[in-house]
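K.L.:
Show me the folded form of this:
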Amino acid sequence: MTEALPRFVKAIMFGVRSEIDRVFWNVHQRPWRRDGLCACPIEDARIEGLRWTQPAEWDDADCSGEFEFRGVTISWYKRLGRGMSASTSMSPTEWVDWYDAIFDICDLFEERHREIAEADANQPHSADRKCPRCGRWFSYPSRRCGYDAATLERGVRSAG
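P.N.:
Alright, predicted model coming up:
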């Protein structure tokens, strides 16, 4: 059974989508392709515990999108905000707790990927160089440390 959503839950869902967009960008350094409005294929954000689906083609018989978390499924027609419903009814306090739990999952996902990226940045890969200033390994000049390619090349030669 689906329940019509109160307006504040619709706003919560726009907040959820915005947070997934933000976390996806921080982890992958590119926009999340979530809606099929361009020629790019729709992709899963790959945040464990969250499921966001959108139809690949709006000509499909079922043009509904869905978001699922902790047994609650929110559905909409074509675009988020249109014809929204939920698989269950909750009190306003339960909705806020559900929303906070989604942000907790996103924070954990982002932190885990930050730790992986930092560990990976300190490991050499084939054809990588180590910055003599910051000590990080990279495949291209690091703009964060301020060294350009020529300076890095000299540093690698003198260190090697």
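
K.L.:
show me the contacts for P6.
P.N.:
Counting by CB atoms under 8 Å, 6 or more residues apart in numbering, P6 touches P92. Where you see a C-beta, it was placed from the backbone N, CA and C, and this is true even at glycine.

K.L.:
per-residue confidence at it?
P.N.:
pLDDT for P6: 88.

K.L.:
Relative to D104, how far out is it?
P.N.:
As judged by CB to CB, to the nearest Å, P6 and D104 stand 23 Å apart.

K.L.:
now swap in W98 and tell me
P.N.:
11 Å.

K.L.:
Looking at those two now, which is surrounded by more residues?
P.N.:
W98 (18 against 11; other CB atoms under 10 Å).

K.L.:
hang on, that one is in a strand, isn't it?
P.N.:
No: counting by DSSP: H, G, I helix; E, B strand; the rest coil, W98 is not found in a strand; it is helix.

K.L.:
For it, list the residues it contacts.
P.N.:
69-70, 72, 90.

K.L.:
What of F24?
P.N.:
31-32, 45.

K.L.:
Closest one of those residues to K78?
P.N.:
W32 (17.9 Å; CB to CB).
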